[in-house]
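J.: For reference, the sequence and a predicted model appear below.
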Number of protein chains: 2
Amino acid sequence: MMLINGESQSHILISDRGFQYGDGLFETIEVFNGRLLFIEQHLKRLTVSCEKLRIPPPNPQQLLDEAQSLIQNSDNAVLKIIITRGSGGRGYKMPEVIQPTRVLSLHPFPEYPLAFQQGVRVIFCQQRLGLNPILAGLKHLNRLEQILARAEWHTADIQEGLLLDLNGFCIEGTMSNVFFVKNTVLYTPTLHQAGVAGIMRDFVLQTAAALEIKVVQGQFLPEQFYAADELFLSNSVIGIWPIKQLEQTFFPHGKLTQQLQHQLAQFKQQVIADEN
Amino acid sequence: MMLINGESQSHILISDRGFQYGDGLFETIEVFNGRLLFIEQHLKRLTVSCEKLRIPPPNPQQLLDEAQSLIQNSDNAVLKIIITRGSGGRGYKMPEVIQPTRVLSLHPFPEYPLAFQQGVRVIFCQQRLGLNPILAGLKHLNRLEQILARAEWHTADIQEGLLLDLNGFCIEGTMSNVFFVKNTVLYTPTLHQAGVAGIMRDFVLQTAAALEIKVVQGQFLPEQFYAADELFLSNSVIGIWPIKQLEQTFFPHGKLTQQLQHQLAQFKQQVIADEN
């Protein structure tokens, strides 16, 4: 199911700059028991990202209305919103009048094994993330790096690959943010030069702050990940996955990770309770 | 006019990974007096780039046949070829079976003033190019950097902006490669960490070699461009444009630039002569 600028369609103009240049951005939102989780945060990030890319931000209420109409018969699903700069001539120059394209599409919720909540297996990718302060943090449509990195493994028993940047600092997974715990302090990479600032990453940071867990954002090397007490991944669809194996090193399903998972589960139950 | 996988169409599936992730590449080819200029070089680069991105390369003869059918009534035009990884599910993982999409579209040849052959005005962009060895050199569909850089100027009397990389070395223009001449030596930036390896850049390098002009590829700072005897831009549509003004510094339409422009004009005349 799909809406393009509010119309039920499955095709987009070839001249759309999303297709021509990856000239746009996206959000991936969990639909949980018929609710759009973290929708305010997603719409806020979308607006801020549009401004950074100089795309006129869509009306959040219109997006919300379209999203609600699309999910009305769905319990659990994934809603993807793509905003592009719309159609424009050949060449990089932005059109004089930018008429953005908005695409909302609904996808089945991935059937992840329940065991992933206890831990997943992760590798370090060989490929390095480029450095790009202008685009860092944004969930934009230029995703060739992630696609090439995701192609580094083919076995279903590996769930994610972590990426180092050109300087050797670990930034994120191909589709997730990464955290580690050492001596009850929570660490996660800064995303000033590469990476996507995930909505679930924000949830983790805010929850940790509320729980008075000390958080350090910085530049961390692989050896700091190997030496961690606990490790986990986050994104809006997977939630929080503990890392039980990084390359050949094993990690417990640690207390702090469990605490954060518990807070997320509580938050989701609260969303249902609040709206009923 | 447009062909998608050989069919006359103007729309593409939303699920095409070109739209979802900029998961593909493109070529921009001058149609000159009904001929596809440097078509062998473009098709070769397209094939090599597909391999680097792990997209099964299209059949070059099929592309050529489709290109010929599209341009049959055109004298001077621009042919754009886009190859994407085709449709695939949500997520960065490549489909098990990749069925690439090929899009050929014909565009009017831009009406550049004849005066541009004598020199254009160029600025340095404020935005820096990111560093990305994996994607450097390729004409891929992840073009947000070029779009944002091209938005730095709005006056029609500036024709191009040069971009420095994060280390401060000048790499290219937003849509062109850049060369400078100092003491009869021709210099152009290496493209190992950023930039697009243009077909016209290759022509210039090969022509310079044939003329026994010394060529140096390396990492060059803005001051070396300001101190040059001659400067010029190259791309497949503009050909070779001398730079007559870089920021507030003026340059002559130098002898070596004129020589290379003359060689290009001769090459184009020869293409017509050969096929008649």
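T.: Great, that's in hand.
J.: I'd say A:Tyr92 and B:Gly173 touch.
T.: No: using C-beta atoms under 8 Å, A:Tyr92 makes no contact with B:Gly173, being 10.4 Å away. Any C-beta I mention is one placed from the backbone N, CA and C, and that applies to glycine too.
J.: Who has more neighbours out of the two?
T.: B:Gly173 (28 against 20; other C-beta atoms under 10 Å in any protein chain shown).
J.: Helices along the stretch 151-276 of chain A, start to end?
T.: Using DSSP state H, counting those that start in this stretch, the helices of the stretch 151-276 of chain A run over residues A:199-210, A:222-226, A:255-275.
J.: Tell me the buried residues in the first one?
T.: The neighbour-count criterion (16 or more other C-beta atoms under 10 Å in any protein chain shown) identifies A:199-205, A:207-208 as the buried residues of helix A:199-210.
J.: tell me what that helix is packed against?
T.: Here helix A:199-210 touches helix A:39-52, strand A:177-182, strand A:185-189, strand A:215-218, strand A:230-235, strand A:239-246, helix A:255-275, going by 3 or more C-beta pairs under 8 Å, 6 or more residues apart in numbering or on different chains; DSSP states H and E.
J.: repeat that for 6 Å
T.: For helix A:199-210, the packing partners by 3 or more C-beta pairs under 6 Å, 6 or more residues apart in numbering or on different chains; DSSP states H and E come out as strand A:230-235, helix A:255-275.
J.: Okay, angle between it and strand A:185-189 too, please.
T.: 150 degrees (axes from the mean of the first three to the mean of the last three C-alpha atoms, to 10 degrees).
J.: For helix A:199-210, the averaged confidence score.
T.: Across helix A:199-210, pLDDT averages out at 98.
J.: again with the last one
T.: For helix A:255-275, the per-residue pLDDT values average out at 94.
J.: now the angle from it to strand A:230-235?
T.: 30 degrees.
J.: just the first one next, same as before
T.: Here the directions of helix A:199-210 and strand A:230-235 differ by 130 degrees (the same axes, to 10 degrees).
J.: which other residues reach helix A:199-210?
T.: Contact with helix A:199-210 is made by A:38, A:41-42, A:177, A:186, A:215, A:234-236, A:260, A:263, as judged by C-beta atoms under 6 Å, 6 or more residues apart in numbering or on different chains.
J.: What is the nearest of the residues you listed to chain B?
T.: A:Asn235 (11.0 Å; C-beta to the nearest C-beta).
J.: I'd like to know how far the nearest residue to the closest one once chain neighbours are set aside sits from A:Leu106.
T.: In space, and not counting its chain neighbours, A:Asn235 is closest to A:Ser176: 4.3 Å by C-beta to C-beta, 6 or more residues apart in numbering or on different chains. Separation of A:Ser176 from A:Leu106 (C-beta to C-beta, to the nearest Å) stands at 22 Å.
J.: do the same with A:Gln68
T.: 12 Å.
J.: Would you list the phi and psi of the residue nearest to A:Asn235?
T.: Main-chain dihedrals, A:Ser176, degrees, to the nearest 10: phi -150, psi 160.
J.: Just give me the neighbour total for it.
T.: Counted with other C-beta under 10 Å, A:Ser176 comes out at 26.
J.: wait, what's in contact with it?
T.: By C-beta under 6 Å, 6+ apart, the residues touching A:Ser176 are A:160, A:233-235.
J.: For those, give me TSV that also has distance to B:Ile83.
T.: Formatted as TSV, the contacts of A:Ser176 follow (distance: C-beta to C-beta, whole Å):
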residue	distance to B:Ile83
A:Glu160	28
A:Leu233	33
A:Ser234	34
A:Asn235	29
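J.: The least confident helix or strand in chain A by mean pLDDT vs strand A:239-246, what angle?
T.: Lowest on mean pLDDT, DSSP states H and E among the helices and strands of chain A sits helix A:255-275, with a mean of 94. Helix A:255-275 and strand A:239-246 meet at an angle of 160 degrees, taking the same axes, to 10 degrees as the criterion.
J.: Give me the distance between helix A:255-275 and the centre of its chain.
T.: Averaging C-alpha positions (C-alpha atoms, centre = their mean, to the nearest Å) puts helix A:255-275 18 Å from its chain's average.
J.: any idea of the angle that helix forms with helix A:39-52?
T.: Helix A:255-275 runs at 100 degrees relative to helix A:39-52, counting by the same axes, to 10 degrees.
J.: Return the list of helices and strands in contact with helix A:255-275.
T.: helix A:199-210, strand A:230-235, strand A:239-246.
J.: Check which residues of it are buried.
T.: Quick answer for helix A:255-275 (16+ other C-beta under 10 Å): A:256-258, A:260-261, A:263-264, A:268, A:271.
J.: Look at A:Gln68 and A:Leu106 and report which has more neighbours.
T.: Using other C-beta under 10 Å as the criterion, A:Gln68 and A:Leu106 rank with A:Leu106 on top: 17 against 13.
J.: Mind pulling up the pLDDT for the residue nearest to A:Asn235?
T.: What the model reports for A:Ser176 is a pLDDT of 98.
J.: what do you get for A:Ala228?
T.: A:Ala228 is assigned a pLDDT of 98 by the prediction.
J.: Just give me the neighbour total for it.
T.: 21.
J.: For beta bridges, what are the partners of A:Phe179?
T.: Note on A:Phe179: beta-bridge partners by DSSP bridges are A:Phe232.
J.: and chain A, which of its residues are near chain B?
T.: A:2, A:10-14, A:18-19, A:21-23, A:90, A:92-94, A:103, A:107, A:127, A:130-132, A:134-135, A:140-144, A:146-147, A:150-151, A:166, A:174 (C-beta under 6 Å from any C-beta of the partner chain).
J.: List the buried residues in stretch A:97-106.
T.: Result for stretch A:97-106 [16+ other C-beta under 10 Å]: buried residues A:98, A:100-106.
J.: mean confidence for it?
T.: On average, the pLDDT along stretch A:97-106 is 97.
J.: do stretch A:131-147 as well
T.: The average pLDDT within stretch A:131-147 is 97.
J.: what about that stretch, distance to the chain center?
T.: Put simply, stretch A:131-147 sits 12 Å off its chain's centre (C-alpha atoms, centre = their mean).
J.: Can you list the neighbours in contact with that stretch?
T.: Stretch A:131-147 is contacted from outside by A:18, A:22, A:24-26, A:49, A:166, A:174, A:191-194, A:196-197, B:21-23, B:92, B:127, B:130-131, B:135, B:140, B:142, B:144, B:166, using C-beta under 6 Å, 6+ apart.
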